[in-house]
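Q: fold the stuff below for me.
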Amino acid sequence: MTERNHSARSDSKAVRSFGVAPPCSLAFVSSLAGWGGGEQWMLSAAVAMQDRGHRVLLLVQPGSELASRGRTSGLEVAEVRLGGWLDPASLAGLASHFRRARVDVVCANLDKEIRQARLAAMLDGRSIKLVARRGSPDPIKDNWHYRLVYDHGLQRLICNCEALVESVCSRAPWFDRSRVRVIYNGVDTVALEARADEGDIRAELDIEPGMPVVSCVGEVGWRKGQEHVLAAASALKDRFPKAVWLIAGEGDGRVELEARAQSAGLLDHGRVRFLGFRRDVPAILKATDVLVLPSRMEGFPNTLLEGMALGLPVAASNADGIPELVEHGVTGLVHEVDDVETLTAHVGRFLTEEWTRLEMGRAGLTRVQERFTQDVVMDQLESCLCRW
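A: Next up is the predicted model:
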């Protein structure tokens, strides 16, 4: 639709290839077959730690997306079928790999993985430190097995924004919060720009020059609130008849969401397009004029971080960690959770005011460059994982 801030995106440096902590052996554990923000973080973290001189082992579900991307990235990948958290075969498999790689520190995202990793470390018989990382507001549960692991078996807990600390720890008054480290997600702007240039989404989707594109990227379901995107598209279709709305991602809410779009006539003439799971999200962002994320629950969303790093203005809810990334009226426009009317007004303003899009896009890029580059956050992560 309009020229964006591409010229402002050229000053970033590549991720540094030396460390800030003594070398150690790290294992990252993931039990999910699909791909989401947690898996993206784990891959980026594992690659960065390997680049900094640490031995890295990625322990993942057989056939998972993370296994494929890990190998492509040059990581040592071992596939372990991870069943229930007390499954003997799962625990034995993890323990065997911990022993083989002489793992010093294990990092895991999900509660099941955290509990499995601690039990497997006990089977290994060596002193292995456990670091958990949480990127969603799901709380630590107040029961005996959570308490056993979090209170007695966990050395550090990473939350990816300040807002998550209270959400995650609120139901566990016994948990020692001095173990918490807030480490934001980061972005390698050089690599992101290169990936953004790999495809021409407008040509692929036959979007003509001058047609504005509004995109929402993320798992399709209640948490991300994509039905609010449909409501905004419906409300704005007469004011902006050429606007194209892209919804990228999979999830258990997709079938119902597409049915809603169909019944509202939003699929006519390609006004709203469901793209499904995509590996080329940066290219989608490059084709976008306005990025929206009306989440109900959120951590520190990579989608917004990457969009801002590419000079995009964002219209997002104030769920959890989003206001720590998006400064209302400066780097984007923020609305209350479930406030569809305000979301619609914000998108309408962006589509009307080119200068607002450009100004907030530039401010967002500056904010990312100053606070959320990959080097900055990986320094913090390396210290958390490797300095004791």
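
Q: Arg99 - how many residues pack around it?
A: Per other C-beta atoms under 10 Å, the neighbour tally for Arg99 reads 15. No exception for glycine: its C-beta is placed from N, CA and C like everyone else's.

Q: wouldn't it be in contact with Asp124 here?
A: Yes: between Arg99 and Asp124 there is a contact under C-beta atoms under 8 Å: 5.1 Å.

Q: and Asp51, how far from Pro88?
A: 36 Å (C-beta to C-beta, to the nearest Å).

Q: higher neighbour count, the two?
A: Counting neighbours by other C-beta under 10 Å for Asp51 and for Pro88 shows that Asp51 has the greater number, 17 against 11.

Q: contacts for the strand or helix carrying Ala45?
A: Assigned by DSSP states H and E, Ala45 belongs to helix 37-51. Contact with helix 37-51 is made by 15-17, 26, 28, 30, 32, 56, 58, 65-66, 69-70, 73-75, 107, 109-110, 133, 135-136, 160, 185-186, 188, 299, 301-302, 374, 378, 381-382, 385, as judged by C-beta atoms under 8 Å, 6 or more residues apart in numbering.

Q: which strands or helices does whatever helix or strand comes next after that helix pack on?
A: Next along the chain after helix 37-51, taking DSSP H and E as the criterion, comes strand 55-60. Applying 3 or more C-beta pairs under 8 Å, 6 or more residues apart in numbering; DSSP states H and E, we find strand 55-60 packed against strand 25-29, helix 37-51, helix 65-72, strand 76-79, helix 88-100.

Q: closest one to Phe240 among those?
A: For Phe240, the closest of those is helix 37-51, at 29.6 Å, according to C-beta to C-beta.

Q: what mean pLDDT does that closest one have?
A: Average pLDDT, helix 37-51: 94.

Q: so which of the helices and strands packed on strand 55-60 is nearest Val165?
A: Here helix 37-51 is closest among those (C-beta to C-beta), at 17.0 Å.

Q: related to what we said a few turns ago, now the helix holding Ala45: buried residues?
A: Within helix 37-51, the residues that count as buried by 16 or more other C-beta atoms under 10 Å are 37-51.

Q: which one of those residues sits closest to Ile284?
A: Each of the buried residues of helix 37-51 was checked against Ile284 using C-beta to C-beta; the closest is Gln40, at 14.6 Å.

Q: pLDDT score for the closest residue to Val377 other than its chain neighbours?
A: In space, and not counting its chain neighbours, Val377 is closest to Gly186: 3.3 Å by C-beta to C-beta, 6 or more residues apart in numbering. At Gly186, the model reports a pLDDT of 95.

Q: can I get the CA coordinates of the helix or strand harbouring Ala194 in PDB?
A: Ala194 belongs to helix 189-196 when assigned by DSSP H and E. Extracted C-alpha coordinates of helix 189-196, given in PDB (Å, rounded to 0.1, in the frame of the first residue of the first chain):
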ATOM      1  CA  THR A 189      17.300  -8.200  12.800                       C
ATOM      2  CA  VAL A 190      19.900  -9.100  10.100                       C
ATOM      3  CA  ALA A 191      18.600 -12.700   9.800                       C
ATOM      4  CA  LEU A 192      15.000 -11.500  10.000                       C
ATOM      5  CA  GLU A 193      15.500  -9.000   7.100                       C
ATOM      6  CA  ALA A 194      17.100 -11.700   5.000                       C
ATOM      7  CA  ARG A 195      14.200 -14.100   5.600                       C
ATOM      8  CA  ALA A 196      11.700 -11.300   4.800                       C
END
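
Q: that older thread, so which of the helices and strands packed on strand 55-60 gets nearest Val214?
A: helix 37-51 (20.9 Å).

Q: relative to strand 55-60, how tilted is that closest one?
A: 160 degrees (axes from the mean of the first three to the mean of the last three C-alpha atoms, to 10 degrees).

Q: now the strands for the stretch 151-300 of the chain?
A: 156-159, 180-182, 213-217, 244-248, 272-276, 290-293 (DSSP state E, counting those that start in this stretch).

Q: list the neighbouring strands of the shortest one plus their orientation.
A: Partner strands for strand 180-182, per DSSP bridges, with pairing direction: strand 156-159 (parallel).

Q: returning to what we had before: now the angle from the helix holding Ala45 to strand 25-29?
A: 170 degrees.

Q: now the angle from helix 37-51 to helix 65-72?
A: 20 degrees.

Q: using CSV, list the CA coordinates for helix 37-51.
A: What follows is helix 37-51 as a C-alpha-only set of coordinates in CSV (Å, rounded to 0.1, in the frame of the first residue of the first chain):
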residue,chain,number,x,y,z
GLY,A,37,6.6,-19.1,20.1
GLY,A,38,8.1,-21.5,22.7
GLU,A,39,9.7,-23.7,20.0
GLN,A,40,10.9,-20.6,18.1
TRP,A,41,12.5,-19.3,21.3
MET,A,42,14.2,-22.7,22.0
LEU,A,43,15.7,-22.9,18.6
SER,A,44,17.0,-19.4,18.7
ALA,A,45,18.4,-19.9,22.2
ALA,A,46,20.0,-23.2,21.3
VAL,A,47,21.7,-21.9,18.2
ALA,A,48,22.9,-18.8,20.0
MET,A,49,24.4,-20.9,22.8
GLN,A,50,26.2,-23.1,20.4
ASP,A,51,27.5,-20.1,18.5
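
Q: mind checking how far it is from the chain centre?
A: Centroid separation for helix 37-51 versus its chain: 11 Å, with C-alpha atoms, centre = their mean, to the nearest Å.

Q: that one vs helix 189-196, what angle?
A: Between the axes of helix 37-51 and helix 189-196, defined by the same axes, to 10 degrees, the angle is 120 degrees.

Q: hey, which helix is longest across the protein?
A: With DSSP state H setting the assignment, residue counts place helix 354-371 as the longest helix in the chain.

Q: great, nothing more from me.
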